[in-house]
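# Pasting a predicted model and its sequence here:
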Amino acid sequence: MQVLVTGAAGFIGSALAERLLARGDSVIGIDNCNAYYDPSLKKARLARLDKLGGAFTFHKLDFADMAALESALAGEQIDRMVHLGAQAGVRYSLENPAAYIQSNVVGHANLLEIARRRSVEHMVYASSSSVYGGNDKVPFSVDDRADHPVSLYAATKRADELLSESYAHLYRLPLTGLRFFTVYGPWGRPDMAYWLFTKKILAGQPIQVFHQGEMWRDFTYIDDIIAGVLAVLDHPPADDRAVKPGGSYSPHALYNIGNHRSEKLTDLIAILEDACGKKAEIEWQPMQAGDVVRTYADIDAISRDLGYRPTTDIGDGLPRFVRWYRDHYRV
């Protein structure tokens, strides 16, 4: 099977590509390798994939550019697609909203068109737990309403879900959206709190902790995320007019992928302190605009339908990240 993976130089995309190649699939990777965070990390991820053999092909391009996308894919057989590429980050969306509209909305529409024109068997795409906004009901269920995003990033991800519902309804295109919950682990994203905390604790610098530490997140280890993505990819939603997770009667499903545990931020810091062998110097900060107090995934739907069972909690996963970080950066 040949799989198109966007965001192939990113954290989740590169990990997924590695697993697809390991099981014998061919992968076409797309990424524009922008400078939202250190491009050298993206290059290092791609170098690891290149070492795995000739079944990996990479195109450096912006998938929001339809002409470039079509040119790169001309003549390629695409069986299934995993669209993970996006402009990420809640806080950066406050500074540069246009980047989110272009990448997350225009780019997503382009990938839907590619899937439609080529009659792709299944397109899986990345949504986000941020679509739940300030939902007071926990854990968050895919059947909860998601009509009040508190950040532009969240709004673009909810827009992607609605565009996908239209394509599934009009063209009977099998689609599955995945609402990821705070993914972490080796080769992760440097803009994430666990990475920033690790870097600063090891360097003896203060860390900024918002809302007086009264924040909770459903932290999900990268290996558990990839297991869920593969299970979803291999099981396209049926076009049987039956209701799917998320409420669609079309071949469009929505799943949460999380750890089904909401961990307090101060507990994460304590684990990182132990793994780093240093105490953190904390600068307490007020709540930031666009942020939410708690995320917590109800994973009943994906567990029931696909047998998804996360196995890694932060007590195991965070020390693995710290070991990787110290080895990669030699600190």
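It's in. Numbers count the residues shown, from 1 in each chain.
# Roughly how far does the nearest residue to Ala68 once chain neighbours are set aside sit from Lys157?
Using CB to CB, 6 or more residues apart in numbering and skipping the chain neighbours, the partner closest in space to Ala68 is Leu61 (4.6 Å). For the C-beta atoms, the positions are set from N, CA and C on the backbone; glycine is no exception. For Leu61, the distance to Lys157 equals 22 Å [CB to CB, to the nearest Å].
# between these two, which one's more packed in?
With neighbours defined as other CB atoms under 10 Å, Leu61 and Lys157 compare such that Lys157 has more, 27 against 18.
# Wait, a strand at the more buried one?
No: under DSSP: H, G, I helix; E, B strand; the rest coil, Lys157 sits outside any strand and is assigned helix.
# contacting residues for the nearest residue to it once chain neighbours are set aside?
Nearest residue to Lys157, sequence neighbours excluded (CB to CB, 6+ apart): Ser128, at 4.5 Å. Applying CB atoms under 8 Å, 6 or more residues apart in numbering to Ser128 gives the contacts 153-154, 157, 179-180.
# The closest residue to Ala159 other than its chain neighbours: how many residues sit nearby?
Using CB to CB, 6+ apart and skipping residues adjacent in sequence, the residue nearest Ala159 is Val105, 5.5 Å away. The tally of other residues near Val105 (other CB under 10 Å) stands at 18.
# what sits against Val105?
Residues near Val105 by CB under 8 Å, 6+ apart: 156, 159-160, 163.
# ok, now Tyr255?
Counted by CB under 8 Å, 6+ apart, Tyr255 has contacts 142, 176-179, 228, 232, 245-246, 299, 301-302, 305-306.
# same thing but 10 Å
Taking CB atoms under 10 Å, 6 or more residues apart in numbering, we find Tyr255 in contact with 124, 127, 142, 176-180, 228-229, 231-232, 244-246, 297, 299, 301-303, 305-306, 308.
# List the residues that contact the residue lying closest to His260 once chain neighbours are set aside.
Of all residues not flanking His260 in the chain, Ile299 sits nearest, at 4.9 Å (CB to CB, 6+ apart). Ile299 makes contact with 139-142, 181, 218, 220, 228, 255-260, 308-310 under the criterion CB under 10 Å, 6+ apart.
# Can you show me the strands along the chain?
Under the criterion DSSP state E, strands of the chain are mapped to 2-6, 26-31, 56-60, 80-83, 122-128, 175-180, 183-184, 207-210, 216-217, 220-221, 252-257, 263-264, 282-285.
# Can you tell me which of the ones you listed is packed in deepest?
Most buried of those by mean neighbour count (mean count of other CB atoms under 10 Å) is strand 252-257; its value is a mean of 28.
# what distance separates that one from the middle of the whole chain?
Distance of strand 252-257 from its chain centroid, counting by CA atoms, centre = their mean, to the nearest Å, is 13 Å.
# likewise stretch 249-260?
Stretch 249-260 sits 13 Å away from the centroid of its parent chain (CA atoms, centre = their mean).
# Kindly report the same for stretch 177-191.
Centroid displacement of stretch 177-191 relative to its chain, using CA atoms, centre = their mean, is 5 Å.
# Stretch 103-123 too?
Taking the mean of its C-alpha atoms, stretch 103-123 sits 17 Å from the chain's own mean (CA atoms, centre = their mean).
# For it, output the C-alpha coordinates as CSV.
What follows is stretch 103-123, C-alpha atoms only, in CSV (Å, rounded to 0.1, in the frame of the first residue of the first chain):
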residue,chain,number,x,y,z
SER,A,103,-2.2,26.1,6.0
ASN,A,104,-5.1,24.6,8.0
VAL,A,105,-8.1,25.6,5.9
VAL,A,106,-6.9,26.1,2.4
GLY,A,107,-4.4,23.3,2.7
HIS,A,108,-6.9,20.9,4.2
ALA,A,109,-9.3,21.7,1.3
ASN,A,110,-6.6,20.9,-1.2
LEU,A,111,-6.0,17.5,0.4
LEU,A,112,-9.7,16.7,0.3
GLU,A,113,-9.7,17.6,-3.4
ILE,A,114,-6.7,15.3,-4.0
ALA,A,115,-8.5,12.5,-2.2
ARG,A,116,-11.7,13.0,-4.1
ARG,A,117,-10.1,13.2,-7.6
ARG,A,118,-8.1,10.1,-7.0
SER,A,119,-10.9,8.1,-5.2
VAL,A,120,-8.5,7.4,-2.3
GLU,A,121,-9.7,4.5,-0.1
HIS,A,122,-9.4,6.5,3.1
MET,A,123,-8.1,9.9,4.2
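# What average pLDDT does it get?
The average pLDDT within stretch 103-123 is 97.
# likewise stretch 147-155?
Stretch 147-155 comes out at a mean pLDDT of 89.
# what do you get for stretch 273-288?
Here the average pLDDT along stretch 273-288 is 90.
# how much space between the nearest residue to Arg326 once chain neighbours are set aside and Arg320?
Leaving aside its chain neighbours, Arg326 sits nearest to Leu202 (7.3 Å; criterion: CB to CB, 6+ apart). The gap separating Leu202 from Arg320 is 16 Å, by CB to CB.
# Fine, thanks again, bye for now.
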